[in-house]
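Asker: Just a sequence and a predicted model for now, questions to come.
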Amino acid sequence: MSAGPDDIGVHRRRALAAMDIGKAWPEDSLWLREAVRALPRDEFAPEALWTWDGHAWQRVLRAGDSRVWARLVHAGSDDATITEITGGVPSSSLSCTSIVVDMLDSLDLQPGHRVLELGTGTGWNAALIAYRVGPTGHVTSVETDPTLATTAAATLTRAAARVDVRAGDGTLGWVPAAPYDRLIATYAVDRVPRAWIEQTRPGGDIVFPWTRLGYFALTTGKDGRSATGRLHGLAQFMNARGTATTPTHREVRADRDPDHERPFTRDLRPLHDDAHLMWALRLRLPDVLFDTSADTHGVHARLHDGAGSWATISTPPTGRAITFQGGPRRLVDEVETAWDAWTEAGAIGLYDHGMTVTADDEQFVWAGDPDSGPRWALPAPAPITIG
């Protein structure tokens, strides 16, 4: 049985009501509320979705369980809908609604704009863009996966959304329709591809997720080869297809016993709920991945470097937190050192950070002032393959 109008409608109305109550709509882009209502997520969702049952990813068919399918499509405003699994990990999704609308707000779209989107996916984001730019604008969307590109193009046609979908390598942009007034990527990159800047008009905006940290909005310079701007929000995004998959904490630890143990004497809660601290640590330790959880006993953390070093911080029912570390690096020690350095520097807030790409392709994140503030060079580009 396919999902009926009642199933979809109920979840759709609940999702929109949650956005209204949570005031998740950007105040400066009132058109987004209208666009999301006119182009609901369910019209762009595939027949098969995926959900995590605590042990593995499970496929949910619209024809098999319409209510669960509808609930996954219209999940919470901060929840993505997984639409594809490749090699046991999510490779495509309908991004969470709050991030979609925030990034489009950062893009500052206007009627008549020429826009390049990179990462078509299901086509929903492209449809929202087309709604805004209207009949005098033009939207090109590039998707690496030819099958996804074909499916999205058909979906967009059914939705009467004017989008030119192309299969290709998003890092190369799309030269035939350049230059663009706006460019947006829906997947994370380690460095800003040179083509994105060169294909965006001077004064045009580029919005993209950077690594696993957040998304930036840059404005291209008058020279057409440089760009600078600020961090606009925190979120985690999928990397470009073909990017090497990062091992999990379990894979790095590989059931090895710790070779170092000591008390963790500082308050662990900021590591869990202070976004400014989390940004600072990830910026200073870009190769260290960490996740945290909280229960009635306190906060727990797991860290690893994707290679051979790992650590855990556990808060037992009684007593102080304890850290266990293994491998050649002492990751908790490194975190504490970076934490102290951030505090001593004045605990700079995350929204005081920006990014600059020079005409010579020097790329760095800065804090406070782009010229005189501290800066961190962007990592070398990750290898990307097509197919």
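Answerer: Cool, got the structure. Numbering: from 1, shown residues only.
Asker: Okay, strands next: where are they in the stretch 1-150 of the chain?
Answerer: For the stretch 1-150 of the chain, strands defined by DSSP state E, counting those that start in this stretch occupy the ranges 48-52, 57-61, 81-86, 89-94, 114-118, 138-143.
Asker: Mind giving me the packing neighbours of the last one?
Answerer: What it means is strand 138-143. Packed against strand 138-143, as judged by 3 or more C-beta pairs under 8 Å, 6 or more residues apart in numbering; DSSP states H and E, are the following elements: strand 114-118, helix 124-133, helix 146-158, strand 164-167. Using the backbone N, CA and C atoms, a C-beta is placed for each residue, glycine as well.
Asker: List just the one of the ones you listed that sits closest to residue 103.
Answerer: Judged by C-beta to C-beta, the one of the helices and strands packed on strand 138-143 that comes nearest to residue 103 is helix 124-133, at 8.3 Å.
Asker: C-alpha coordinates for the closest one, CSV please?
Answerer: This file holds the C-alpha atoms of helix 124-133, laid out as CSV (Å, rounded to 0.1, in the frame of the first residue of the first chain):
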residue,chain,number,x,y,z
TRP,A,124,14.4,19.5,-3.7
ASN,A,125,17.0,22.2,-3.0
ALA,A,126,17.2,23.1,-6.7
ALA,A,127,13.4,23.4,-6.9
LEU,A,128,13.4,25.9,-4.0
ILE,A,129,16.1,27.9,-5.8
ALA,A,130,14.1,27.9,-9.0
TYR,A,131,11.0,29.1,-7.1
ARG,A,132,12.9,32.1,-5.9
VAL,A,133,14.7,33.2,-9.0
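Asker: Residue 323: what's it in contact with?
Answerer: 261, 262, 263, 264, 311, 312, 313, 314, 332 (C-beta atoms under 8 Å, 6 or more residues apart in numbering).
Asker: about what we covered before: turn the strands of the stretch 1-150 of the chain into CSV, columns for distance to residue 366, mean neighbour count and mean pLDDT.
Answerer: Listed next are the strands of the stretch 1-150 of the chain as CSV, based on distance: least, C-beta to C-beta, whole Å; neighbours: other C-beta atoms under 10 Å; pLDDT from 0 to 100:
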stretch, distance to residue 366, mean neighbour count, mean pLDDT
strand 48-52, 37, 16, 92
strand 57-61, 39, 14, 93
strand 81-86, 35, 19, 88
strand 89-94, 31, 19, 81
strand 114-118, 25, 26, 98
strand 138-143, 29, 24, 98
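Asker: Nearest to residue 27 among these would be which one?
Answerer: Shortest distance between residue 27 and the strands of the stretch 1-150 of the chain, using C-beta to C-beta, is found for strand 114-118: 22.1 Å.
Asker: quick one: residue 355 from residue 217, how far?
Answerer: 9 Å (C-beta to C-beta, to the nearest Å).
Asker: Direction-wise, compare the longest strand along the chain with strand 114-118 and give the angle.
Answerer: Using DSSP state E to define each element, the chain has its longest strand at strand 200-210. Relative orientation of strand 200-210 versus strand 114-118 (axes from the mean of the first three to the mean of the last three C-alpha atoms, to 10 degrees): 30 degrees.
Asker: Distance check, residue 132 against residue 162.
Answerer: Applying C-beta to C-beta, the value for residue 132 to residue 162 is 12 Å.
Asker: any shared contact partners between those two?
Answerer: With C-beta under 8 Å, 6+ apart, residue 132 and residue 162 have no common neighbours.
Asker: Quick check on these two: which one has the bigger neighbour count.
Answerer: Remark: of residue 132 and residue 162, residue 132 carries more neighbours, 22 against 17, as counted by other C-beta atoms under 10 Å.
Asker: Could you check how far the more buried one is from residue 349?
Answerer: 30 Å.
Asker: where does the protein dip in pLDDT?
Answerer: Residues of the chain meeting the criterion pLDDT under 70: 1-6, 21-23, 236-245, 380-387.
Asker: Now with 80, please.
Answerer: Within the chain, the ranges that satisfy pLDDT under 80 run 1-7, 15-24, 54, 87-89, 91-92, 212-213, 235-247, 297, 317-319, 379-387.
Asker: ok, how many other residues are close to the residue nearest to residue 103 when sequence neighbours are not counted?
Answerer: Spatial nearest neighbour of residue 103, excluding adjacent residues (C-beta to C-beta, 6 or more residues apart in numbering): residue 207 at 5.5 Å. Residue 207 has 23 neighbours, counted by other C-beta under 10 Å.
Asker: which residues does residue 207 bridge with?
Answerer: Legend: beta-bridge partners of residue 207 under DSSP bridges are residue 184, residue 217.
Asker: what is in contact with residue 355 and residue 217 at once?
Answerer: 229, 230.
Asker: sorry, back to before: residue 254 is nearest to which of the strands of the stretch 1-150 of the chain?
Answerer: Across the strands of the stretch 1-150 of the chain, residue 254 has its closest neighbour in strand 89-94 (18.5 Å, C-beta to C-beta).
Asker: Let's have the strands of the stretch 1-150 of the chain in a markdown table, adding distance to residue 270.
Answerer: What follows is these, written out as a markdown table (distance: least, C-beta to C-beta, whole Å):
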| stretch | distance to residue 270 |
| --- | --- |
| strand 48-52 | 28 |
| strand 57-61 | 32 |
| strand 81-86 | 30 |
| strand 89-94 | 29 |
| strand 114-118 | 35 |
| strand 138-143 | 39 |
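Asker: For residue 338, which of the ones you listed is the nearest?
Answerer: strand 89-94 (27.9 Å).
Asker: That closest one pairs with which strands, parallel or anti?
Answerer: Here strand 89-94 has these sheet partners by DSSP bridges: strand 81-86 (antiparallel).
Asker: what residues are up against residue 151?
Answerer: Contacts of residue 151 by C-beta under 8 Å, 6+ apart are 46, 122.
Asker: try it again with 10 Å
Answerer: 44, 46, 120, 121, 122, 123, 143, 145, 165 (C-beta atoms under 10 Å, 6 or more residues apart in numbering).
Asker: Please name every helix or strand in contact with the helix ranked longest in the chain.
Answerer: Counting residues, the longest helix found in the chain (DSSP state H) is helix 5-21. Secondary-structure packing of helix 5-21 (3 or more C-beta pairs under 10 Å, 6 or more residues apart in numbering; DSSP states H and E): helix 31-38, helix 66-73, helix 97-107.
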